[in-house]
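[1] the following block contains a protein sequence and its predicted model.
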Amino acid sequence: MGNPFIVAEDLALKTFLGNITVSDDKSSPRTVKTWFGYPDVEIRDQAFPFITIDLIDIMPANERQTYGYLVDSDYQGTITPVSGQMYDYLIPVAYDLVYQITSFSRHPRHDRALMYQLLNKFPSKYGYLTVPNQLGTENSIRSMFLDGFVKRDTVESETGNRRLLRNVLTVRVVSQMSPQTATAIKTVAYVDINTTTSSIPSGLLAVPPSVN
């Protein structure tokens, strides 16, 4: 089984950013690495320049939510089709996934190259992201919007020799929660308060009742 809701978009976005390159007078073109979140120096090499991906919001897309039933043979690309068997299910739940895409560099030429390539990949209009379904049999072309761009350059030392050039893009990807995931969500019918239970895992003690 492939990647479900959110994970599929994460990996599709990382793949989408995989062919960005930079060069300068001292080096030939090289591929810019992309990470989920800022790279920890104890875990991986902070080799500049690099790009980070952060999921910063998940918004219900009520303005484009529709209602009704769909019918297909693979349950919205989540179940292997069986000859002669069809599935009917509620239309998936619409969401917008909001990402922050940030480039980090030390060299001004790298910074401009990254800015140019990122703004081409995330235009203000007509942007899209190709996301495979869970079976890996089909791709969906998702609309993708550039909601914001800011420059966040800083100087990291008093001598001014550790400048950090940053471009921060806010990108919104149209998505939906598959029917398989949505129907698996359980609703709490009621909650018992101050109810004593005998089902206590081994090694743990019951919480004593409060004393007035």
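    Okay, I see it. Numbers count the residues shown, from 1 in each chain.
[2] where does the chain dip in pLDDT?
    The model of the chain has pLDDT under 70 over residues 1, 41-44, 157-161, 179-180, 182-201, 203-204, 206-212.
[3] buried ones in the helix or strand containing Val168?
    Here Val168 sits within strand 163-177, counting by DSSP states H and E. For strand 163-177, the neighbour count (16 or more other CB atoms under 10 Å) marks 165-177 as buried. (Each C-beta comes from the backbone N, C-alpha and C, glycine too.)
[4] for stretch 3-11, same thing?
    Using 16+ other CB under 10 Å as the test for burial, stretch 3-11 gives 3, 5, 8-11.
[5] check what contacts it and list those residues.
    For stretch 3-11, the surrounding residues in contact (CB atoms under 8 Å, 6 or more residues apart in numbering) are 2, 36, 53, 55, 58, 78, 95, 97, 129, 131-134, 142, 173, 175-178, 181.
[6] and that stretch, end to end?
    Stretch 3-11 stretches 9 Å from its first residue to its last (CA to CA, to the nearest Å).
[7] same check, this time on stretch 87-94
    End-to-end distance for stretch 87-94, by CA to CA: 20 Å.
[8] what's the offset of it from the middle of its chain?
    Put simply, stretch 87-94 sits 22 Å off its chain's centre (CA atoms, centre = their mean, to the nearest Å).
[9] can you check stretch 63-80 too?
    Here stretch 63-80 is found 22 Å from its chain centre; the criterion is CA atoms, centre = their mean.
[10] remind me what the longest helix seen in the chain packs against, helices and strands.
    When the chain is parsed with DSSP state H, its longest helix is helix 108-121. If you count contacts as 3 or more CB pairs under 8 Å, 6 or more residues apart in numbering; DSSP states H and E, helix 108-121 packs onto strand 21-24, strand 93-105, strand 163-177.
[11] can you do 10 Å?
    strand 21-24, strand 50-60, strand 93-105, strand 127-132, strand 139-151, strand 163-177 (3 or more CB pairs under 10 Å, 6 or more residues apart in numbering; DSSP states H and E).
[12] I am finished for the moment; much appreciated.
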